[in-house]
Each structure stands twice: as structure tokens, then as C-alpha cells.
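In: Sharing a model prediction with you, sequence too.
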Amino acid sequence: GESVGLHLPTLSVQEGDNSIINCAYSNSASDYFIWYKQESGKGPQFIIDIRSNMDKRQGQRVTVLLNKTVKHLSLQIAATQPGDSAVYFCAENFDGGKLIFGQGTELSVKP
Amino acid sequence: AAGVIQSPRHLIKEKRETATLKCYPIPRHDTVYWYQQGPGQDPQFLISFYEKMQSDKGSIPDRFSAQQFSDYHSELNMSSLELGDSALYFCASSLGLNLNTQYFGPGTRLTVL
């Protein structure tokens, strides 16, 4: 049968609040970072990306911050909505294009 | 906009059987990646192809093989299936290799009984 998966970190927020999801990446040589949103039973969906020569990038309701000194990424979601409920993964890209995913965070939005 | 297409969406096999998963990248994308995701885990890179040549290899068992065809679609062949192969298998495509956004398909859920 299926093996038991790891319990993901969970962030629970109220609808309308801002959410901050954090991620530590592993390789100081990584030069491209992506946040993906994954809903149950679906494929990862691209949210926003950032290259290593930047420390902040904004999209629609989302902002990604990159701190290379401590190898840390964060995803900020403004005015969180119930449709934002999902698992969020950060991924780093190096060494020829493959993605190395960080541990996901499950975001739960309470109406 | 056209997305990555994977087939089949669900597959049930017995131990020691074989399985073939197919991936059709976004039109004009020349690079395909395969990932495996166990329950509650993050996706793990298996293998990738650029312009029909293998570009990188990750933690892919020797029982698995893959290729990319002239129309850029890719197939992942899995033999001597084991219970532990039960997982979601995702294909992603991009235009070119480095620093290009990978777009994921809906996945194939493989269950090995």
C-alpha cells in the first residue's frame, strides 16, 4: 500500500489577511528560484520566479523575497483568499535545469 | 493557452508489470523533465531531455527508462514495478534549459498493487 507521507508545515490564516510562506534553499550556487502552488491531486502551478541578481519581485498579490546571505526565500500573498488554499513549494534551479524542491507548506485559508 | 498533457491520468498495475507514461509538452517547448512525487512529499527529479537528447539524470531507478521523440513528446517506461513506485509522476516542459520556467502537467497517478 501507500507509504505514510511526511506531515507538511501548515499555515492557517483568515481570509483577507496577508500570508508569508518561508523556504530555505540548499545550494548557494543556485541562480533561479520559483514558487509553485499545488492543489490536491494536481500538478504544481507556477506562481512567481526570481533570479539571483534580484532580491525582490512583485506579481499580482504576490511578492517573492530572496536573501542570498542566509539562503532564504519567502512568498508573500496579499489579501489571502480561500482559493489560495494549497501546498506551496519553493524550488531552486541549478546544474542544468532540474528543479530541487524545498519542503512544501500547506496554506489553509479560513473564511 | 495550451498546457502540458500527460496520459494516462490514472494507472493501476500489478507488481512486476510494466508501465508507460506519456508526456506532450507545451507547443514549441523543446525540453521535458520527469518528476516523481510520493504522498505528502515534494517532487523529486528523475530525468530530463533537451532537443531529444538526455540532458540530466536524477534518482531514476535502472528499471526506468525514458526518451524524447522527434515531435518532442516524451515517454517514461517503467519495468518490474514495485509497490514503492506508487506515486504521482509529473512531466514539465520548458523552452530551453537553464533559467527557463518549467510548466507542469496534471500528472499520472500510478498505483502498484
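Out: Arrived safely.

In: Could you check which residue of chain B lies nearest chain A?
Out: The minimum distance from chain B to chain A, using Cβ to the nearest Cβ, falls at residue B:40 (2.1 Å). In short, each C-beta sits where N, CA and C put it, glycine included.

In: Over to that residue. Which of the three states is it?
Out: Here residue B:40 is recorded as coil under DSSP: H, G, I helix; E, B strand; the rest coil.

In: Wait, it touches residue A:10, no?
Out: No. Applying Cβ atoms under 8 Å as the test, residue B:40 and residue A:10 come out as separate, 11.8 Å apart.

In: Name the nearest residue to residue B:67, ignoring sequence neighbours.
Out: Nearest non-adjacent residue to residue B:67, counting by Cβ to Cβ, 6 or more residues apart in numbering or on different chains: residue B:75, 6.2 Å away.

In: just so I have it, where are all the strands in chain A?
Out: Shown for chain A, the strands assigned by DSSP state E span residues A:10-14, A:19-24, A:32-38, A:45-51, A:56-58, A:62-67, A:72-77, A:86-93, A:99-101, A:105-110.

In: give the contact list for the residue lying closest to residue B:73 once chain neighbours are set aside.
Out: Once flanking residues are discounted, residue B:73 sits nearest to residue B:24: 4.8 Å by Cβ to Cβ, 6+ apart. Taking Cβ atoms under 8 Å, 6 or more residues apart in numbering or on different chains as the contact definition, residue B:24 lies against B:4-7, B:73.

In: filter the residues you listed to the buried ones?
Out: B:4-6, B:73 (16 or more other Cβ atoms under 10 Å in any protein chain shown).

In: In JSON lines: these, plus secondary structure and pLDDT.
Out: Supplementary listing: the buried ones among the contacts of residue B:24 in JSON lines, determined by DSSP: H, G, I helix; E, B strand; the rest coil; pLDDT from 0 to 100:
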{"residue": "B:4", "secondary structure": "coil", "pLDDT": "97"}
{"residue": "B:5", "secondary structure": "strand", "pLDDT": "97"}
{"residue": "B:6", "secondary structure": "strand", "pLDDT": "98"}
{"residue": "B:73", "secondary structure": "coil", "pLDDT": "97"}
